[in-house]
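Engineer: need coordinates for the following:
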Amino acid sequence: MSRILVAYFSAGGVTADVAKEIAQLEEADLFEIVPETLYTAEDLDWRNEKSRSSVEMNDPNCRPALAGPVPDMKDYDTVFLGFPIWWGREPSVVDTFLDACDFEGKTIIPFCTSGGSGLGNTSVRINNLTGRKAKVMEGKRYGGTVSMEDLKIWMDDLKI
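Structural biologist: Residues are numbered from 1 along each chain as shown. Okay, here's the model as predicted:
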C-alpha cells in the first residue's frame with residue numbers, strides 16, 4: 001500500500017480532478033470523502049442563508065455524517081487533503097473526516113479549489129482539529145483547471 005493518501009471532498013468535480021492528478025503524480029492511494037447525504041444544487045446555494053451548506057458552515061461544531069468508513073491512517077505517512085473553499089475554510093464534512101481519523105505523526109498537505117478565495121487560516125484550523133498531532137503544511141489553492149505541469153512543480157517543491 002502507498003505511504004501517501006490523497007483524501008478529498010468535491011461538490012462539483014473540480015477538486016476531484018485535481019485530487020486524481022495528484023494521486024497519479026505521487027502514485028498515491030485515493031479516498032473520496034463522501035457525505036451520507038449528497039449535496040444538491042439548492043444545498044450549495046451560498047446566497048441562501050437557510051441552505052444546507054450555509055447552515056453547516058455557520059455552525060463550527062457541525063459534522064455531517066460520512067457515507068462510509070474512513071481509511072486506516074496507520075498505512076500512511078502523508079495525506080494530501082483536498083476540498084473546495086466554503087466561507088473561507090474547509091467544508092464541515094471535511095471536519096467530520098478529520099475528527100474520524102488518527103493523524104498522529106502524519107504530514108497533512110491541504111489543497112483547495114476556489115474561484116477566488118484563498119486558504120485563509122485553514123491550515124491552523126486543520127492543525128487544531130487534529131489535536132496538533134500532525135504536521136500541517138501550508139496548502140495550495142487552485143482555481144478551475146490546473147495543469148499536470150503546475151502540479152508537478154508543486155510536488156517537486158514539497159520534496160516529500
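Engineer: just say helix, strand or coil for the spatially most central residue of the chain.
Structural biologist: Taking Cα atoms, centre = their mean, the centroid of the chain lies closest to residue 82, which sits 2.9 Å from it. Secondary structure state of residue 82, per DSSP: H, G, I helix; E, B strand; the rest coil, is strand.
Engineer: which residues touch the nearest residue to residue 126 once chain neighbours are set aside?
Structural biologist: Of all residues not flanking residue 126 in the chain, residue 136 sits nearest, at 5.0 Å (Cβ to Cβ, 6 or more residues apart in numbering). All C-beta spots, glycine's among them, are computed from the backbone N, C-alpha and C. Contacts for residue 136 (Cβ atoms under 8 Å, 6 or more residues apart in numbering) come out as 107, 108, 110, 123, 124, 126, 127, 130.
Engineer: distance of residue 136 from residue 111?
Structural biologist: Distance of residue 136 to residue 111, given as Cβ to Cβ, to the nearest Å: 12 Å.
Engineer: could you do residue 98 as well?
Structural biologist: With Cβ to Cβ as the criterion, residue 98 and residue 111 are 15 Å apart.
Engineer: bridged to residue 84, which residues?
Structural biologist: Note on residue 84: beta-bridge partners by DSSP bridges are residue 113.
Engineer: so what pLDDT did it get?
Structural biologist: Listed pLDDT for residue 84 reads 92.
Engineer: list the contacts of the longest helix seen in the chain.
Structural biologist: In the chain, with assignment by DSSP state H, the single longest helix is helix 14-26. By Cβ under 8 Å, 6+ apart, the residues outside helix 14-26 that reach it are 2, 4, 6, 8-10, 28-30, 32, 80, 82-84, 111-113, 142, 144-146, 148, 151-152, 155, 160.
Engineer: for it, buried residues please.
Structural biologist: Using 16 or more other Cβ atoms under 10 Å as the test for burial, helix 14-26 gives 14, 15, 16, 17, 18, 19, 20, 21, 22, 23, 26.
Engineer: just after it, pick out the following helix or strand.
Structural biologist: Later in the chain than helix 14-26, the nearest helix or strand by DSSP states H and E is strand 29-32.
Engineer: export that next one as PDB, just CAs?
Structural biologist: What follows is strand 29-32, C-alpha atoms only, in PDB (Å, rounded to 0.1, in the frame of the first residue of the first chain):
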ATOM      1  CA  ASP A  29      -4.000   6.000  -2.900                       C
ATOM      2  CA  LEU A  30      -7.100   8.000  -3.400                       C
ATOM      3  CA  PHE A  31     -10.100   8.400  -1.000                       C
ATOM      4  CA  GLU A  32     -13.200  10.400  -1.700                       C
END
